[in-house]
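Student: fold the stuff below for me.
(one chain, ligands or ions: 2)
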Amino acid sequence: MALISLKHVTKRYKGLQRPALDDVSVDIDRGDFVFLVGASGAGKSTFLSLLLREEIATSGEIHVAGHDLRRLPNRRVPAYRREIGFVFQDYKLLMNKTVRENVAFALEVIGTRRSQIGPQVDRALRDVGLESKADKRPSELSGGEMQRVSIARAYVNQPKIILADEPTGNLDPTTSVGIMRVLNAINLTGTTIVMATHNEEIVNSMSKRVLELNGGRLVRDEANGRYDSAR
Ligand code: ADP
Ligand code: ADP
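Tutor: Ligands and ions are numbered 1, 2, ... in the order given. Sure, this is the predicted structure:
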């Protein structure tokens, strides 16, 4: 089975006339890099929330890394989420901790052995090009650097999947290109990446698979796709 598999997935929120996701079926394989595009309200965040098991599908089946998310008991959700890294548009860093401590914290909360935390954090910071900033606090960093910290934190325990919701949404074009280089390098190590974005330039420059949502429906699934919101 594909690493991520949705079959006829519909998600209705209470009080909403139309479903936020409407009969979506799609397979994403190990090692894929997928852009999830579509206008605001199209269902991109709902798609990611379902994969993270923050929301539960109203109907349909979702399998992620061998787990049937309908059957995953709540007590297993924390362990399940450790298999997934998440990158936010607004970084969500702990402002009173250093870069190193922010990344280490992700390992501490999952009970990683103390002797392993240092080496794993150093490697993740090296991979995102931030080893020289390890002892700075987020307030001393640029937006692009903060997003690199957030990527290092998502990646430090080598998850199978990284989900990213508008990771370049607060960054200028040049900085965004740098962030995409980092995500691409992580993808090349075999990590599957699903990235929701509005950023047409980035989608068009990367030539990856594109899934487009419109009003909750999957309207396009294209290898080496483009994104032209005006069409
Ligand atoms: P996108 O990320 O593409 O902007 P969303 O998944 O956030 O789309 O939203 C899809 C639809 O679901 C929108 O109509 C939105 O208002 C609605 N929605 C999203 N989250 C919730 C929620 N927690 N409760 C109710 N409605 C929601
Ligand atoms: P290649 O020729 O290099 O194997 P493909 O054209 O098979 O490339 O796929 C390119 C990317 O699109 C891969 O990441 C692949 O997993 C993904 N993909 C898989 N299924 C589909 C599909 N139905 N539509 C679009 N892209 C797909």
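
Student: hang on, R100 in a helix?
Tutor: Yes - assigned with DSSP: H, G, I helix; E, B strand; the rest coil, R100 falls within a helix.

Student: for it, grab the count of nearby residues.
Tutor: When neighbours are counted by other Cβ atoms under 10 Å, R100 registers 22. Every residue, glycine included, has its C-beta placed from N, CA and C.

Student: can you give me every residue that contacts it?
Tutor: Listed by Cβ atoms under 8 Å, 6 or more residues apart in numbering, the contact set of R100 reads V121, L125, A134, D135.

Student: repeat that for 10 Å
Tutor: The contact partners of R100, taken as Cβ atoms under 10 Å, 6 or more residues apart in numbering, are 117-118, 121-122, 124-125, 130-131, 133-136, 149, 152.

Student: likewise Q89?
Tutor: Listed by Cβ under 10 Å, 6+ apart, the contact partners of Q89 are Q147, S150, A164, D165, E166, P167, T168, G169, N170, L171, A196, T197.

Student: switch the cut-off to 8 Å
Tutor: D165, E166, P167, G169, N170.

Student: possible to save the residues you listed as JSON lines with distance to D68, secondary structure and neighbour count?
Tutor: As requested, the contacts of Q89 are exported to JSON lines (distance: Cβ to Cβ, whole Å; DSSP: H, G, I helix; E, B strand; the rest coil; neighbours: other Cβ atoms under 10 Å):
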{"residue": "D165", "distance to D68": "24", "secondary structure": "strand", "neighbour count": "21"}
{"residue": "E166", "distance to D68": "29", "secondary structure": "coil", "neighbour count": "18"}
{"residue": "P167", "distance to D68": "28", "secondary structure": "coil", "neighbour count": "29"}
{"residue": "G169", "distance to D68": "32", "secondary structure": "coil", "neighbour count": "15"}
{"residue": "N170", "distance to D68": "35", "secondary structure": "coil", "neighbour count": "16"}
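
Student: out of those, flag the one nearest to ligand 2.
Tutor: For the contacts of Q89, the closest approach to ligand 2 (Cβ to the nearest ligand atom) belongs to P167, at 19.1 Å.

Student: which among the contacts of R100 end up buried?
Tutor: Taking 16 or more other Cβ atoms under 10 Å as the criterion, what is buried in those is I117, V121, A124, L125, L130, K133, A134, V149, A152.

Student: which of those sit farthest apart?
Tutor: By the measure Cβ to Cβ, I117 and K133 form the most distant pair in the buried ones among the contacts of R100, at 18.1 Å.

Student: show the contacting residues for K97.
Tutor: Each residue near K97 by Cβ under 8 Å, 6+ apart is listed here: F105, R137.

Student: over to G169?
Tutor: So G169 contacts Q89, T197, H198, N199 (Cβ under 8 Å, 6+ apart).

Student: let me know the helix or strand that N187 is in.
Tutor: Assessed by DSSP states H and E, N187 sits inside helix 173-188.

Student: ditto for D27
Tutor: Assigned by DSSP H and E, D27 belongs to strand 21-28.

Student: the helix or strand following that strand to helix 173-188, inter-axis angle?
Tutor: Later in the chain than strand 21-28, the nearest helix or strand by DSSP H and E is strand 33-37. Interaxial angle of strand 33-37 relative to helix 173-188 (axes from the mean of the first three to the mean of the last three Cα atoms, to 10 degrees): 130 degrees.

Student: ok, strand 33-37: who's next to it in the sheet?
Tutor: Strand 33-37 has its sheet partners listed here by DSSP bridges as strand 192-196 (parallel), strand 209-214 (parallel).

Student: is ligand 2 within reach of the helix or strand just after the shortest one?
Tutor: This points to strand 192-196. Scanning forward in sequence from strand 192-196 by DSSP H and E, the next helix or strand is helix 200-206. No - Helix 200-206 stays clear of ligand 2 (Cβ under 6 Å from any ligand atom), getting no nearer than 11.7 Å.
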